[in-house]
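Enquirer: Just the structure for this:
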Amino acid sequence: MTVNDLPIVAFFKHLLDPFIIWSMLILTAWLYDEDFTSYYLVLVIITFFVSTYIYERILIYRNWRKGRLFAYMRDTVVGWLMIIAILVFLGYATKFHNQFSPQVLLTWFIVTPLMLIASHITVRSIVTNLYNKGKLRSAIVIGANENSLAFIRHIAELPFLLISYQGFFDERSSSRIAGNFGSQSDEPADLAAATAVSRPDDFGSRLGGLDDVVPYIQKHNTEMVFISLPMSSQPRIQKLMDELPDTTSSIYFLPDIYIFDLMQARFEYIGDTPVVAMNESPFIGVDGVVKSISDFILAVLIIILLSPVMACIALAVKVTSPGPVIFKQRRYGLNGEEIIVYKFRSMTVTEDGATIQQAKQNDQRLTKIGGFLRRTSLDELPQFFNVLEGKMSIVGPRPHAVAHNELYRKLIKGYMLRHMAKPGITGWAQVNGWRGETDVLEKMKARIEHDLYYLKNWSIWLDLWIIFKTV
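Expert: Next up, the predicted model:
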């Protein structure tokens, strides 16, 4: 269980929300004098798994924790609509929809999100009352560094965690800690704003050195201890772990691996062995299945809808310049493996060698309709067939030619991480203005930063938003 789940959010996820969803179905069936058959029981079970997954993915609990009440209400309703869509699809696909009363289902569909919102607001008022009365768990931090400072600010921003931060312990004096974080008075205003997370002010009170930890806990009955010492301090950590069991505090370790720029970092198990995922694709397990299914369905629909347009473009390419209609080029795909990407040919050349010249504005190599195709991105339409092949996604980092990859992987840190997902027809970088020619290194760096942001923050909602912005 993470710190974010203690204790209220865990109550929502694992008890209150499922109970409301189930009880509303049972109550609705009872009101309409409907027999609660085994089909309703199956519906309850399916809804539990679907709702748990959907509400976790759209981050409604994070909005609740941060006090974004309207955002939470919006996401609850939208998430419930997604659940309804899945249930309706499954009902018609399995022919089980006739086993349920339309009145019961319609009433359940309408009442449930209202009850979910009402219950969260009620619990919120109870938690607020507890917070105002000081019913908080006391907490201390051991170690003053970037990692612990970010954590201290995090719990300060989330009062509904009901954690009262008391101060920190560190072998260094407060002046030495401030010196290590830099002098604030000598920084320009713009640099000060950029490095706000590195200021020592928010550490609060220094309560002593490491030898003072256990006596302080025993004296003040501290409930939570967060250890944030670097990996190089293993002997000190071991000493603390030998002494802290002599207290009743809950002990948590804040690993300093998070000072690195990681992607999808989290704790996992390989069999029974705990491991830390440092850089991992976001499309592992169920997420990968959801991504693949949504890609396939959307690609089929788009190809059907745009087939007349693609036929006209193919004819125009053929009659306006000699050469193939489809331009094929080797690019890097998932895990850096080479794939063949399709495009409508927009140039008089079909380069695919060790050296490739990027297309430029008013490029002389463009065909008569090539400029129009590239400006409107219509030349990319054949890549929906790449999606059907499973080589590309509709949304993801744009694939670059192999020659460009070999160049930029040496110049930009983390460049190859973008290949931990299937390349996309459109992407976060493209809808934020980083498409087309990258004539200077800074442009490519900006594109890569946006690609990595997408991989770190992927959700089905982000995909839909990117598709909307692309259109």
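Enquirer: In the stretch 101-250 of the chain, mark out all the helices, start to finish.
Expert: Using DSSP state H, counting those that start in this stretch, the helices of the stretch 101-250 of the chain run over 102-132, 146-157, 174-180, 189-194, 213-220, 234-243.
Enquirer: Can I get these in CSV including mean neighbour count and distance to residue 295?
Expert: Using the backbone N, CA and C atoms, a C-beta is placed for each residue, glycine as well. Listed next are these as CSV, based on neighbours: other CB atoms under 10 Å; distance: least, CB to CB, whole Å:
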stretch, mean neighbour count, distance to residue 295
helix 102-132, 15, 28
helix 146-157, 17, 34
helix 174-180, 14, 48
helix 189-194, 10, 38
helix 213-220, 15, 52
helix 234-243, 13, 45
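Enquirer: mean pLDDT for these: which is lowest?
Expert: Among the helices of the stretch 101-250 of the chain, helix 189-194 has the lowest mean pLDDT, at a mean of 36.
Enquirer: Of all the helices of the stretch 101-250 of the chain, which one is nearest residue 426?
Expert: Minimum separation from residue 426 across the helices of the stretch 101-250 of the chain (CB to CB) falls at helix 189-194, 30.3 Å.
Enquirer: related to what we said a few turns ago, can you add distance to residue 40 and give the helices of the stretch 101-250 of the chain back as JSON lines?
Expert: Formatted as JSON lines, the helices of the stretch 101-250 of the chain follow (distance: least, CB to CB, whole Å):
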{"stretch": "helix 102-132", "distance to residue 40": "8"}
{"stretch": "helix 146-157", "distance to residue 40": "42"}
{"stretch": "helix 174-180", "distance to residue 40": "60"}
{"stretch": "helix 189-194", "distance to residue 40": "56"}
{"stretch": "helix 213-220", "distance to residue 40": "51"}
{"stretch": "helix 234-243", "distance to residue 40": "51"}
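Enquirer: Report the residue ranges of every domain in this structure.
Expert: Recorded structural domains for the chain (assignment: the TED database) are 7-132, 136-176+200-259, 286-470.
Enquirer: Name the nearest residue to residue 16, ignoring sequence neighbours.
Expert: Using CB to CB, 6 or more residues apart in numbering and skipping the chain neighbours, the partner closest in space to residue 16 is residue 119 (5.9 Å).
Enquirer: That neighbour against residue 20, yeah?
Expert: Yes. Assessed by CB atoms under 8 Å, residue 119 is found in contact with residue 20 at 5.8 Å.
Enquirer: CSV for the domains of the chain, including distance to residue 280?
Expert: Shown next, in CSV, are the domains of the chain (distance: least, CB to CB, whole Å):
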stretch, distance to residue 280
domain 7-132, 17
domain 136-176+200-259, 13
domain 286-470, 7
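Enquirer: quick one: the longest helix seen in the chain to chain centroid distance?
Expert: Counting by DSSP state H, the longest helix found in the chain is helix 286-320. Centre-to-centre, helix 286-320 and its host chain are 26 Å apart (CA atoms, centre = their mean, to the nearest Å).
Enquirer: which other helices and strands contact that helix?
Expert: On a contact count with 3 or more CB pairs under 8 Å, 6 or more residues apart in numbering; DSSP states H and E, helix 286-320 meets strand 338-344, helix 383-388, strand 393-395, helix 460-470.
Enquirer: Try it again at 6 Å.
Expert: Contacts defined by 3 or more CB pairs under 6 Å, 6 or more residues apart in numbering; DSSP states H and E place helix 286-320 against helix 383-388, strand 393-395.
Enquirer: out of the ones you listed, nearest to residue 454?
Expert: For residue 454, the closest of the helices and strands packed on helix 286-320 is strand 393-395, at 7.9 Å, according to CB to CB.
Enquirer: That closest one packs against which elements?
Expert: helix 286-320, strand 424-426.
Enquirer: So which of those is the most surrounded?
Expert: Burial among the helices and strands packed on strand 393-395, expressed as mean neighbours by mean count of other CB atoms under 10 Å, is greatest for strand 424-426, which shows a mean of 24.
Enquirer: okay, now the closest residue to residue 47 other than its chain neighbours: neighbour count?
Expert: Closest residue to residue 47 apart from its sequence neighbours, by CB to CB, 6+ apart: residue 21 at 5.8 Å. Residue 21 is flanked by 22 other residues according to other CB atoms under 10 Å.
Enquirer: Next, the buried residues of the helix or strand containing residue 21.
Expert: Taking DSSP states H and E as the definition, one finds residue 21 inside helix 17-31. Using 16 or more other CB atoms under 10 Å as the test for burial, helix 17-31 gives 17, 18, 20, 21, 22, 24, 25, 28, 29.
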